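> need a 3D model of the following:
(one chain, ligands or ions: 1)
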Amino acid sequence: MIEHHRSRMRAGRRVLHHGAAPRLSILVVLLSLLVPLGPSAQAAVPSIILIVIDTLRADHLGTYGHHRPTSPALDRRAAQGAVFERAFASSGWTAPSFGSILTGTIAARHGQGARTAEGDDARHRAPLGKELPTLAEQFAARGYRTAAFVTNPFLDRSLGAGRGFEFYLCAPADNDRYRRADLGVSLAAEWLERHRDEPTFLLLHFFDPHLDYDPAPEVRGRFTDPLARDAGRTLPVEGVQAIRDDRTLSLAAREFITAAYDEEILAVDAALDSFFARLEELGLKERSVILLTADHGEELFDHGGFEHGHSLQQEILHVPFVLWGPGVVPARHTEPVSLVDVFPTLLEAAGVPATPPVARNLDGLSLWPLVVGRTTRLEGPASSAPREIVVSSTLQGEEQSALVVWPHKLIRTESGSSRLYQLDEDPRERQDLSAADPRRVSALARRLSHRLAVADSLRRRVSSVPIDPELHERLRSLGYTR
Ligand SMILES: [Zn+2]
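Predicted coordinates:
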């Protein structure tokens with residue numbers, strides 16, 4: 001806002017130097033300070049829309065090469081946008097990844113979802129600490145109207161994710177309620193319509209691809225029907241633990257489950273298509289910068305497991321990261337990026353970059369100069385060194401963390417076991433190179449420990465917050481707690 005205002009004033013002065021009387025020039029400058037921005041000036045103020053699709057692995061979208069037509073609407077937008085092919089989630093589950101999206105810092109720094117002294121069960125995890133500025137606060141401080149429509153119980157306001165949003169609607173899903181993307185879309189569109197003449201920041205979160213896979217009627221059976229007979233299964237696909245524990249699950253059953261997951265993606269894609277059409281009707285299309293990503297992916301038996309929260313393999317970490325809107329140059333980018341980049345990128349997209357004290361504390365980099373074609377490589381504080389992408393926090397089992405220094409990726413468990421992959425040649429992580437390259441393992445492990453220790457030393461410790469019984473019941477029904 002301030003930047004736009006200043007440039008208007010500068011433009012006014014330039015015109016006036018060419019012949020207008022000085023007194024008039026003072027009057028015009030004063031008026032430009034007093035008169036609020038009219039609709040025509042505001043047309044230049046972008047509306048910033050962040051779409052986060054829960055549990056969406058990148059490689060199940062058409063634009064990332066999936067073999068099923070799960071995402072025709074998104075693929076059309078991606079073709080006009082900037083697609084980051086190597087985007088990493090900041091953790092293996094919702095709470096820490098959202099903390100990274102909302103604060104631009106790694107999970108070890110912001111602490112959302114960290115284990116607490118009270119226990120490591122889902123209901124004892126730490127809320128987002130209060131010391132770090134949030135993206136919503138940054139937008140609000142610059143005069144943006146802010147709203148979030150989210151549907152994951154871990155995003156309940158009591159757990160901190162709502163900080164800074166003027167309007168925050170968390171309708172926490174369980175397996176029977178608030179799952180459908182079209183509901184979020186219509187509520188969000190209504191809010192945008194109410195604030196269409198103001199600068200806006202909207203967070204829109206969808207839960208559909210999260211278990212249970214119970215696709216909406218419009219898409220139900222599209223991919224599963226041809227597989228149902230061989231699989232001996234029907235929709236919905238329920239029960240994380242039952243599927244994880246079933247050692248006899250046939251290949252046909254696994255394919256059926258995967259097809260059901262794909263139908264959920266198709267349902268979100270259809271809802272998004274109508275959302276984008278609504279933006280156009282509202283006259284917002286030309287001024288909306290949209291970033292679409294995911295908090296983490298989903299394991300569909302890639303490494304013998306199922307669902308998410310238990311692993312940091314690529315099926316969980318490789319997320320979509322696509323931007324489009326005014327100024328965005330259509331391109332596919334291969335720079336490794338992370339959810340921590342969302343924060344600085346969206347502020348710069350809005351023309352209100354993070355202020356130096358805020359920017360200094362970020363782990364993320366603004367991708368905006370790359371996206372608009374102002375530069376061809378990412379530049380950070382230490383841009384001569386290769387970028388380190390730090391990942392941590394798992395929900396089940398032993399704590400794990402990971403470091404990516406492209407093309408290498410190290411996964412470490414708390415007890416010190418390591419897996420090393422070379423992602424350019426082995427994107428599906430079939431071959432663990434840790435035994436073959438112990439020197440690289442120890443070099444990456446040292447860097448990872450260092451990054452985690454620094455972040456951890458800066459983090460203020462918080463206790464878990466008491467979770468109300470209804471929220472606990474939803475977490476339980478999703479399989480996250482007992
Ligand atoms: Zn999630």
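> phi, psi for whatever residue of the stretch 151-300 of the chain ends up closest to the ion please.
Closest to the ion within the stretch 151-300 of the chain is D295: 4.2 Å, counting by C-beta to the ion. (C-beta placed from N, C-alpha, C; glycine too.) Torsion angles at D295 (phi, psi; degrees, to the nearest 10) stand at phi -80, psi -30.
> how near is it to S477?
Going from D295 to S477 by C-beta to C-beta, to the nearest Å gives 19 Å.
> neighbour count winner among these two?
Counted by other C-beta atoms under 10 Å, D295 and S477 do not tie: D295 has more neighbours, with 30 against 16.
> F98 is in contact with that one, correct?
Yes. Using C-beta atoms under 8 Å, D295 is in contact with F98, at 5.9 Å.
> overlap in contacts, these two.
Common contacts of D295 and F98, defined by C-beta atoms under 8 Å, 6 or more residues apart in numbering, comprise V52.
> give me the residue ranges of this protein where confidence is low.
For the chain, the stretches with pLDDT under 70 are 1-45, 172-179, 380-384, 480-482.
> now the residue of the stretch 51-200 of the chain found nearest the ion: closest residue in space, sequence neighbours ignored.
The ion sits closest to T94 of the stretch 51-200 of the chain, with a gap of 3.2 Å, by C-beta to the ion. Distances taken as C-beta to C-beta, 6 or more residues apart in numbering place F154 nearest to T94, at 4.5 Å, with adjacent residues excluded.
> any idea which element A270 lies in?
Following DSSP states H and E, one finds A270 within helix 251-281.
> of all the residues in that helix, which ones are buried?
Neighbour counts using 16 or more other C-beta atoms under 10 Å place 253-273, 275-276, 278-279 of helix 251-281 among the buried residues.
> stretch 231-246 now?
A231, R233, L235, V237, V240, I243, R244.
> that one near the ion anywhere?
No. Stretch 231-246 lies out of reach of the ion by C-beta under 5 Å from the ion, never closer than 12.9 Å.
> would you mind listing what in the stretch 151-300 of the chain touches the ion?
Residues of the stretch 151-300 of the chain lying close to the ion by C-beta under 5 Å from the ion are D295.
> apply 8 Å and report the result again.
Within reach of the ion by C-beta under 8 Å from the ion, the stretch 151-300 of the chain has these residues: N152, F154, H210, A294, D295, H296.
> quick check: the fourth one touching R57?
Yes. The pair A294 and R57 qualifies as a contact (C-beta under 8 Å) at a distance of 7.4 Å.
> shared neighbours of these two, anything?
V319.
> all helices for the stretch 1-150 of the chain, in order.
In the stretch 1-150 of the chain, the segments counted as helices under DSSP state H, counting those that start in this stretch are 2-17, 22-34, 39-42, 72-79, 94-103, 107-110, 135-141.
> try the stretch 151-300 of the chain
Using DSSP H, counting those that start in this stretch, helices in the stretch 151-300 of the chain cover 181-194, 225-231, 240-245, 251-281.
> between those helices, which one is closest to D424.
Nearest to D424, of all the helices of the stretch 151-300 of the chain, is helix 251-281, at 25.2 Å by C-beta to C-beta.
> residues contacting S366?
D341, P344, T345, L347, E348, P353, A354.
> out of those, which comes closest to the ion?
Within these, the smallest distance to the ion is 18.4 Å, found for D341 (C-beta to the ion).
> quick check: that closest one vs A231, distance?
Applying C-beta to C-beta to D341 and A231 gives a distance of 39 Å.
> ditto for G104
Distance from G104 to A231, by C-beta to C-beta: 43 Å.
> same check, this time on G305
G305 is 19 Å from A231, by C-beta to C-beta.
> what does R180 give?
R180 is 25 Å from A231, by C-beta to C-beta.
> is it true that T376 touches T334?
No. Counting by C-beta under 8 Å, T376 does not reach T334; the two are 11.2 Å apart.
> quick one, phi/psi of the residue nearest to D214 when sequence neighbours are not counted?
Sequence neighbours aside, P236 is the residue nearest to D214 in space, at 3.5 Å (criterion: C-beta to C-beta, 6+ apart). Phi and psi for P236, reported as degrees, to the nearest 10, are phi -80, psi 160.
> residues in contact with P236?
Applying C-beta under 8 Å, 6+ apart, we find P236 in contact with N175, D212, Y213, D214, P215, A260.
> where's it relative to S97, distance?
25 Å.
> ditto for S418
S418 sits 23 Å away from S97, going by C-beta to C-beta.
> more neighbours, the two?
In this view S418 and S97 are compared by other C-beta under 10 Å, and S97 has more residues nearby, 29 against 19.
> from S338, how far out is that one?
Applying C-beta to C-beta, the value for S97 to S338 is 10 Å.
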